[in-house]
Structure formats: C-alpha cells, structure tokens
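Engineer: Any chance you could fold what I've pasted below:
(4 chains)
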Protein chains: 2
Amino acid sequence: MSSNLLSGSLDTIIVKLLQDNGEMYGYEISKTISRLTNGKVLIKEGSLYPALHRLEAKGILETESRSIGNRHRKYYKLSEKGSKEVKHILHDMQEFIENIQNLLNIQWT
Amino acid sequence: MSSNLLSGSLDTIIVKLLQDNGEMYGYEISKTISRLTNGKVLIKEGSLYPALHRLEAKGILETESRSIGNRHRKYYKLSEKGSKEVKHILHDMQEFIENIQNLLNIQWT
DNA sequence: TGCTATGCATAGTTTATCTATGTATATTTA
DNA sequence: TAAATATACATAGATAAACTATGCATAGCA
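Structural biologist: You can find the predicted model right below:
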C-alpha cells in the first residue's frame, strides 16, 4: 500500500485504540495496528512516538510509567479532555472517509 | 471537518475526477469536489495547483491551454502513463480506506 | 463603476510522517 | 553461553503535502 496515505489519520487511530483498550504502551499500539490490518498499516517508531508526544502535549493523552519486571513501560491513556474529544475526532474521520468514498465511487458514465 | 485529513488523498481525488470526466481545468476541479461533497471537502488553490503541477511533473497528467473568449484555461487530463496508473492508485486508496474503517469499527467490548 | 465570480500561480509556513539512528534490556536458540 | 531477535522508548533531520496569504487578470452583473 502507498506509504503516504496514512497522513492525518494516525492520531485518530491512536485515540480509538486507547478508547477501546483503556491504556496501552507504544510498542503495543504499533503491534496492534499491524496485527489488525494484517501488516497493511505499519506505524514506524519515528511516527508513533512523536504522535504520542503530540497528543500528550495537547492534553488529549496522559501517561504513567511503570516497571514490568526489569523493563520500564510508558502507558498512554485518554485524559478527561481526550475522552470528551474522541467522539468528535472519530466523527470527523468517519465523515471524511464517507466523503472520499463518495467521490471515488461516483460514476458519470 | 478537520483540515488535515485530506493529506495524501488529494492526488487520488484528482485523477479519479479526470478519469471520469476526461479533462478539466483547475477551478472546475475544485468546484466539482466542493459540490459533490456538499461543501465538506474544500480544496484551496494553494493545494490544488501545486498538486496539479506535481502530477504533471510526474507524467501522470498532461495539459492543454485554450482560450475561452478572452479567458485562458489550462485543461488537465490523464496521460497515457496516468491512465495506466489510475487503477493502481484507486486500488491503493480503497485498500487504505478499508483498513482504516476496519480499525475504527472494531469493538473490543 | 464597483462588486463578485472566475482562473491561474507562487512564496513562505506549518505539520505529519518518514528514514536513520541511538540506547538499553529480555528472550530465544544454536 | 554466545548470538540473534524481540521488546521498549526516543530524537534528529529529511521530505512532502497542504495551508495561508497574496498577486495578477478577465468576465459579468447591478
């Protein structure tokens, strides 16, 4: 699949996953997306972590660092603000997809 | 609608319109997109013309300037190369949309 | 004559994602 | 046990897409 189509939708995917799963860490998010799309959508670290930092800086996400055995993990979850905005974010994306679908399916024959 | 969702899909929309309509000029493309989406998708000149130049530079589109009365218009249409690639471009976009739809519709309840 | 719509274009900015790289620990396997 | 692979987070710099803002010019209408 073309690589640059993802633009603009990564944030939406992240907040949706966190809405459904409560809290996740970065690696888990990237693996989950890959698994759910059969490897068709691959999020690179260089995209994912800046996106998570961005969403945290905006106050959409909040974090908690924990140690699992000797490993440390940074868990992300929706903040109160984020929880309120998710519905709007998902609605925008849904509407956008419908518009694109509509444009690409019209036949003028 | 959020502004940055369009990322990556503008080129696809353009080639689809040209595939269906044969040839169009810039203003016509932007108005058509706006009309077909009830004003939900608005392409600014600063996005549209660079995109058209880009696609022309890539050899996907070719142009022909014409005078309509005293106005001059630059008509864009798919090149031979572009015609061959459209199917692939549309397929990629369709696949991408399905993947995103899939991710956003999954329920883990 | 002034206003609105049409029509193309570019300069400069912002933003998202990418590639590439770094650090470090855990687990598996030969 | 050594090597390979997987896990885990992070940033610097490049690239590209779309944006804002602006410019020029003509057409048509009130």
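Engineer: On the three-state scheme, residue A:74 is what?
Structural biologist: Secondary structure state of residue A:74, per DSSP: H, G, I helix; E, B strand; the rest coil, is strand.
Engineer: Could you do residue A:38 as well?
Structural biologist: Taking three-state DSSP, the label given to residue A:38 is coil.
Engineer: how far away is it from residue B:95?
Structural biologist: 11 Å (CB to CB, to the nearest Å). (C-beta placed from N, C-alpha, C; glycine too.)
Engineer: Just want to know which of those two has more residues nearby.
Structural biologist: Each of residue A:38 and residue B:95 has its neighbours counted (other CB atoms under 10 Å in any protein chain shown); residue B:95 has more, 16 against 9.
Engineer: Let me know whether the more buried one touches residue A:40 as I believe.
Structural biologist: Yes - if you go by CB atoms under 8 Å, residue B:95 and residue A:40 touch, sitting 6.9 Å apart.
Engineer: Residue A:59 touches residue A:83, doesn't it?
Structural biologist: No - with contact defined as CB under 8 Å, residue A:59 does not count as touching residue A:83 (11.3 Å).
Engineer: Need the overlap of contacts for these two.
Structural biologist: Common contact partners of residue A:59 and residue A:83 (CB atoms under 8 Å, 6 or more residues apart in numbering or on different chains): none.
Engineer: for DNA strand C, what are the nearby residues on chain A?
Structural biologist: Residues of chain A that fall close to DNA strand C, judged by CB under 7 Å from any atom of the strand: A:3-4, A:6-11, A:42-47, A:50-51, A:54, A:69-71.
Engineer: Which among those count as buried?
Structural biologist: By neighbour count, with 16 or more other CB atoms under 10 Å in any protein chain shown, those hold A:6, A:8, A:9, A:10, A:11, A:43, A:51 as buried.
Engineer: so who does the fifth one touch?
Structural biologist: Residue A:11 sits next to A:51, A:54, A:55, A:89 when contact means CB under 8 Å, 6+ apart.
Engineer: Any chance of CSV for the residues you listed, columns pLDDT?
Structural biologist: As requested, those are arranged in CSV below (pLDDT from 0 to 100):
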residue, pLDDT
A:51, 95
A:54, 94
A:55, 95
A:89, 92
